[in-house]
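Visitor: Predicted structure and sequence below. I'll ask about it afterward.
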Amino acid sequence: MIPSYVPPKYKVEVDPNKCMLCERCTVECSWGVHRREGDRIISYSNRCGACHRCVVMCPRDAITIKENAISWRSHPLWDIDARADIYNQAKTGCILLSGMGNAKEHPIYFDKIVLDACQVTNPSIDPLREPMELRTYIGKKPKQLEFDFVEEEFDGKKIKKAKLKTKIAPNLKLDTPIMIAHMSYGALSLNAHLSFAKAVKECGTFMGTGEGGLPKALYPYADHIITQVASGRFGVNEEYLMKGAAIEIKIGQGAKPGIGGHLPGEKVTAEISATRMIPEGSDAISPAPHHDIYSIEDLAQLVRSLKEATRWKKPVFVKIAAVHNAPAIAVGIATSDADAVVIDGYRGGTGAAPKVFRDHVGIPIEMAIAAVDQRLREEGLRNEISIIASGGIRCSADVFKAIALGADAVYIGTAAMVALGCRVCGRCYTGLCAWGIATQRPELVKRLDPEVGARRVANLIKAWTHEIKELLGANGINSIESLRGNRDRLRGVGLNEKELEILGIKAAGE
Amino acid sequence: MEEVVIDAKDMHYRELNEKIHQILRENPDVKKIILKNVLGQRFIGNGLQKKDLTIEIYGIPGGDLGMFMSGPTIIVYGNAEFAPGNTMDDGTIVIHGSSGDVTAHSMRGGKIFVRGDVGYRSGIHMKAYKDKVPVLVVGGRAKDFLGEYMAGGNIIVLNIDEKGNDLGKVKGRMIGTGIHGGAIYIRGEIDKDQLGVAADIKEFTEEDLEKIKPYIEEFCKWFNLSEDVKNKLLNSKWTKIAPISKRPFGKLYTPDLM
């Protein structure tokens, strides 16, 4: 064992009776857990993050990983994490870095909300036999429609025809209300991005680039890609803006509201440097704020600037982290020329975030959707702008509940990565992902076959889409539009009155 | 028709910019567009890519002048607002007056010449890549936080008034805060306590002079400055400000796995 103040979290055991010394595990583990010594495999457990790569790839099923059952004196306040974090920080004097979303045991409101179903009256619909409309349009909707009535001759008769006078802003057409969230090329491998791109094209939906620019390999899928403009402006030029289907301004991120991003120089490889348009090996720093946005008016200016640069042909979204005053900010976004507000809850994943932000900043997405939807309704703006929700959406029921709480569509990030094999080990920032997802090392990246990855991600989206149709049918609804903001279909279990009030739902039994 | 004049009086920015695009669509040979009576119209030249195009602006353009622009030359006979050259890719912006905060924000290529002063946080997060090296030349002075988070390119501050006389010691503070690439050249002395975190004063060498010389000459040409002024600028005491390291924030984090 390598000396450390913190004992290993996991215990890795290679059964010598099963092991045939093929050394596959020593190759598969990118963290250097396994090593051959003589006629046995030695495992450094303290390097293990339980990513399962060696377990899954072992031809003899010889490897087991267990929680290391070492006793710490139990204490209600000084739990193991609290102590381990102190050991680490006392050693380095640095900010604790962590991956994935908020890992604290806050309530998961999705799990405290239950759905309705039709019984006898308003009978349920069978989506296997009857059409079920999941098509969703994301973008600005007109307040009202105006028509010109023109007289035309038809079969010798004069008839009046209505012609639409109102100009309709460009919208994104989604065949299913599930999109793949913005994760940058740099944080993720090219093969992970290719898997997503192929999958969203097949499913008639969209993915985000994150702030990593658009690699050339993704150009064939660009009409299904939303490009991102964040504070670092990496890879942003006219071509990039025009290539994508829509543009998203990233103000904040659920995993680390209020701070910027930081891609360390060692991850800026030749390919990353070309897409981000920065020198190889230099740090890619995204400042905390956009320095051309110091107010809601400035935000509107950036929205309009992007619209002007794309001749008002691309929808522009604004993404904010779910924070206390998200509803007020959403109103500001809705009154600019933005087409959608994206809210990212505190469970939202990330490749790297200071642990103190990941675990302590931001609010649950369920509350944020309900509060933003409510405020936009009160301001009379809800019908003009779309709401996209993200941050901790794990299954079709979460999608369904998010839409019933008031979202138009959702972004999934972690779920899409899990479809590729991610084990949520939370060590994305090391760049050593053994599954080839969050890494730039060629030998690891090639472990992820984009064709297989695309199949798996498309399967997931299709499976959820089918489940959403079934749930809609059970609710006697045949269109996702009738579910949006339809909180009467939800009931709370084990929630207090204030929580029910904010979510805008009744308690079960009411 | 190589030259087109637009009277921008009382025109909304969308109308004005659409007019410019319409001219470019209908008249691919146009070389010069002259905008008269410009008063605060934003986003002029946004995303334009025609390399041999010159836009002359009489009046005061609004914010984000030439944002994402890649190629054209914009000449402003007046002041410019907030963030001219924002995320600009290539081309030239020449401003005969002063310009607002975050001039040259995130600029990745091309050149900006400002005859007067620039506002706070100018040159913030400028970045260079291969042959794209953005340059911001300021005739007068810059407010605080010049070249903040700068990742590449060059900022040159000449520190002269409208007649070419010296303005005295530069007062800006927090110069180059978070700088991790590129260089800031200021004519005159700078004290260490005027620098932001991660910035350092480096020796101004012959190579540095050779590097900034063509930009100073171009500045003098654009604004018709005399040979005497040019020679004075080239023979002055210069301060070079550059990053302490390429990785100012490299040792900020510790993984939570040890």
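Guide: Perfect, thanks for sending it.
Visitor: does chain A sit close to the lowest-mean-pLDDT helix or strand in chain B?
Guide: Scoring the helices and strands of chain B by mean pLDDT, DSSP states H and E places strand B:253-255 at the bottom, with a mean of 77. Yes: applying Cβ under 8 Å from any Cβ of the partner chain, one finds strand B:253-255 touching chain A at B:253-255. All C-beta atoms are positioned from the backbone trio N, CA, C, and that covers glycine.
Visitor: Relative to chain A, how far out is B:Glu18?
Guide: 8 Å (Cβ to the nearest Cβ, to the nearest Å).
Visitor: Going by neighbour count, which residues in the host helix or strand of that residue are buried?
Guide: Secondary-structure assignment from DSSP states H and E places B:Glu18 in helix B:13-26. Within helix B:13-26, the residues that count as buried by 16 or more other Cβ atoms under 10 Å in any protein chain shown are B:13, B:16-17, B:19-20, B:23-24.
Visitor: From the residues of strand B:253-255 next to chain A, keep the buried residues only.
Guide: For the residues of strand B:253-255 next to chain A, buried by 16+ other Cβ under 10 Å: B:253-255.
Visitor: How about residues contacting the helix holding B:Glu18?
Guide: With contacts defined as Cβ atoms under 8 Å, 6 or more residues apart in numbering or on different chains, helix B:13-26 is touched by A:308, A:311, B:4, B:6, B:8, B:11, B:30, B:33, B:35, B:38, B:41-46, B:48, B:50, B:53, B:55, B:62.
Visitor: Mind doing that once more with 10 Å?
Guide: Contacts to helix B:13-26, defined as Cβ atoms under 10 Å, 6 or more residues apart in numbering or on different chains, come from residues A:304, A:307-309, A:311-312, B:1, B:4, B:6-8, B:11-12, B:30, B:33, B:35, B:38, B:40-50, B:53, B:55, B:61-64, B:72.
Visitor: Check the offset of it from the chain's centre.
Guide: 25 Å (Cα atoms, centre = their mean, to the nearest Å).
Visitor: secondary structure class for B:Gly109?
Guide: Secondary structure for B:Gly109, judged by DSSP: H, G, I helix; E, B strand; the rest coil, is coil.
Visitor: which residue sits closest to it, ignoring its sequence neighbours?
Guide: Nearest residue to B:Gly109 in three dimensions, chain neighbours excluded: B:Lys132, at 3.7 Å (Cβ to Cβ, 6 or more residues apart in numbering or on different chains).
Visitor: for that neighbour, phi and psi?
Guide: phi -90, psi 100 (degrees, to the nearest 10).
Visitor: now do A:Val410
Guide: Dihedral angles for A:Val410 - degrees, to the nearest 10 - are phi -130, psi 160.
Visitor: do A:Lys18 as well
Guide: phi -90, psi -30.
Visitor: Model confidence score at it, please.
Guide: For A:Lys18, the pLDDT comes out at 96.
Visitor: Alpha carbons only: can I get stretch A:182-192 in CSV?
Guide: The C-alpha trace of stretch A:182-192 is given here as CSV (Å, rounded to 0.1, in the frame of the first residue of the first chain):
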residue,chain,number,x,y,z
HIS,A,182,-23.6,20.3,-22.8
MET,A,183,-20.4,18.5,-22.0
SER,A,184,-17.2,19.8,-23.6
TYR,A,185,-14.9,18.1,-26.0
GLY,A,186,-11.9,18.1,-23.6
ALA,A,187,-13.8,16.9,-20.6
LEU,A,188,-15.2,14.1,-22.8
SER,A,189,-13.4,12.2,-25.5
LEU,A,190,-14.2,12.5,-29.2
ASN,A,191,-15.7,9.0,-29.2
ALA,A,192,-18.1,9.9,-26.4
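Visitor: A:Asp298 and A:Val331: what is the separation?
Guide: A:Asp298 sits 16 Å away from A:Val331, going by Cβ to Cβ, to the nearest Å.
Visitor: hmm, which two among the buried residues of helix B:13-26 are most spread apart?
Guide: B:Tyr13 and B:Leu24 (16.5 Å; Cβ to Cβ).
Visitor: Tell me who's in contact with A:Pro107.
Guide: Counted by Cβ under 10 Å, 6+ apart, A:Pro107 has contacts A:364, A:366, A:494-495, A:499.
Visitor: Most neighbours out of those residues, which is it?
Guide: Greatest neighbour count in the contacts of A:Pro107, by other Cβ atoms under 10 Å in any protein chain shown, goes to A:Glu366: 30 neighbours.
Visitor: and the residue in the stretch 301-450 of chain A positioned nearest to chain B, how many neighbours?
Guide: The nearest approach of the stretch 301-450 of chain A to chain B comes at A:Ala309, 3.5 Å away (Cβ to the nearest Cβ). Using other Cβ under 10 Å, A:Ala309 has 26 neighbouring residues.
Visitor: Reduced to three states, what does the closest residue to it other than its chain neighbours come out as?
Guide: In space, and not counting its chain neighbours, A:Ala309 is closest to B:Gly47: 3.5 Å by Cβ to Cβ, 6+ apart. Secondary structure state of B:Gly47, per three-state DSSP, is coil.
Visitor: next one: the one 4 residues further on
Guide: Of the three states, B:Lys51 takes coil under three-state DSSP.
Visitor: How much space separates it from B:Met69?
Guide: 11 Å.
Visitor: between these two, what contacts are shared?
Guide: B:90-91.
Visitor: In terms of helices and strands, where is B:Gly182?
Guide: strand B:181-187.
Visitor: and that strand, how far from the chain's centre?
Guide: In terms of Cα atoms, centre = their mean, the centre of strand B:181-187 is set 13 Å apart from its chain centre.
Visitor: Show the backbone phi and psi for the spatially closest residue to A:Glu451 that is not a sequence neighbour.
Guide: Excluding its sequence neighbours, the residue lying closest to A:Glu451 (Cβ to Cβ, 6+ apart) is A:Lys198, at 7.5 Å. Here is the backbone geometry of A:Lys198 (degrees, to the nearest 10): phi -60, psi -40.
Visitor: For chain B, which segments count as helices?
Guide: Counting by DSSP state H, chain B has helices at residues B:13-26, B:206-222, B:227-234.
Visitor: will you turn those into JSON lines that also has mean pLDDT?
Guide: Formatted as JSON lines, the helices of chain B follow (pLDDT from 0 to 100):
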{"stretch": "helix B:13-26", "mean pLDDT": "96"}
{"stretch": "helix B:206-222", "mean pLDDT": "97"}
{"stretch": "helix B:227-234", "mean pLDDT": "96"}
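Visitor: On the three-state scheme, A:Arg375 is what?
Guide: Applying three-state DSSP: A:Arg375 is helix.
Visitor: What count of nearby residues applies to it?
Guide: 18.
Visitor: That one is in contact with A:Val331, isn't it?
Guide: Yes: the pair A:Arg375 / A:Val331 is scored as a contact, 6.0 Å apart, by Cβ atoms under 10 Å.
Visitor: what do those two both touch?
Guide: A:Leu381.
Visitor: which ones are touching the residue lying closest to A:Gln374 once chain neighbours are set aside?
Guide: Nearest non-adjacent residue to A:Gln374, counting by Cβ to Cβ, 6+ apart: A:Gly504, 6.1 Å away. Contact analysis of A:Gly504 by Cβ under 10 Å, 6+ apart lists A:369-371, A:373-374, A:377, A:405-406, A:485, A:487-488, A:490.
Visitor: now, the most widely separated pair of the residues you listed?
Guide: A:Ala371 and A:Asp488 (17.8 Å).
Visitor: For B:Lys9, give me its contacts.
Guide: B:36-39, B:59.
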